[in-house]
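Below is the sequence, then the predicted model.
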Amino acid sequence: MEEKELKAKDIPGGYALCFNGDCTDKDKCLHYQAKLLTDGDYYKGQAVFPAAWQNGKCRCYNEKKLVQKAWGFSQLYRNIPSYMKAEARRSVSSLFGNGNGQYYRAHHGEIMISPKRQKEIIEVLAKFGNTEEVKFDHYVKVWDFD
C-alpha cells in the first residue's frame, strides 16, 4: 500500500487531466486521479482526449506510483581521480542539455532527478571510476508525473 496520499498540491501545473470515467484503469492512473482532486473552479487546461483510448488501452496511461527522486552532487565525484573530475563533471552536465543551468538547478534542489536520469548519471560516472557507494545528497519519494 502507498505510504503517501496523493493531494491536489502534488499535481504539477499543466498536468493533463482525464475525464474518462469509463476507463478500466482509472483507479490506477494519475491523469484520472488528478482530475478527481481538482476543485470545481477548474475550467480549462490540458486534458487526455477520448481518442487516447485505443484497442483496450490508453496511450496516455500513467501509473499512480511513488518514485525516489534525487538532487545534490556534492558527493557524486568522490571516487573519481582528481585529474578526471572536470571531464566527469562535463559529461554529467551534458546529460542536462546545453549550458549548466539545469545541472546547477538539480545540484541545488530546484529540480529533482528522475530514477532514469539517476541511472544515466551513474553509468557516465562508471566510465571514470568506481561508483560503489556513490549517492546523491538528497532523496525524496514523490508521485511519478513524468
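Arrived safely.

Return the residues in contact with residue 60.
16, 18, 31, 48, 52 (Cβ atoms under 8 Å, 6 or more residues apart in numbering). Heads up, the C-betas are built off the backbone N, CA and C, glycines and all.

Just say helix, strand or coil for it.
coil (DSSP: H, G, I helix; E, B strand; the rest coil).

Same question for residue 118.
Residue 118 is classified as helix under three-state DSSP.

pretty sure it contacts residue 134?
No: the pair residue 118 / residue 134 is not scored as a contact, 10.4 Å apart, by Cβ atoms under 8 Å.

Touching the helix or strand of the chain with the lowest mean pLDDT from outside, list them.
Between all helices and strands in the chain, the lowest mean by mean pLDDT, DSSP states H and E belongs to strand 53-54, at a mean of 86. With contacts defined as Cβ under 8 Å, 6+ apart, strand 53-54 is touched by 20, 23, 59.

From those, keep the buried residues only.
For these, a burial check counting by 16 or more other Cβ atoms under 10 Å picks out 20, 23.

which one among the contacts of strand 53-54 gets closest to residue 35?
Proximity of the contacts of strand 53-54 to residue 35 (Cβ to Cβ) peaks at residue 20, which lies at 9.2 Å.

Quick check: closest non-adjacent residue to residue 29.
residue 61 (5.4 Å; Cβ to Cβ, 6 or more residues apart in numbering).

what sits against the residue positioned nearest the centre of the chain?
In the chain, the C-alpha nearest the mean C-alpha coordinate belongs to residue 114, at 3.9 Å (Cα atoms, centre = their mean). Residue 114 sits next to 67, 69, 146 when contact means Cβ under 8 Å, 6+ apart.

any chance of those residues in TSV, with neighbour count, secondary structure and pLDDT too?
Shown next, in TSV, are the contacts of residue 114 (neighbours: other Cβ atoms under 10 Å; DSSP: H, G, I helix; E, B strand; the rest coil; pLDDT from 0 to 100):
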residue	neighbour count	secondary structure	pLDDT
67	16	strand	95
69	22	strand	96
146	13	coil	82
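
Could you pull out the strands in the chain for me?
17-18, 47-48, 53-54, 57-58, 66-71, 138-143 (DSSP state E).
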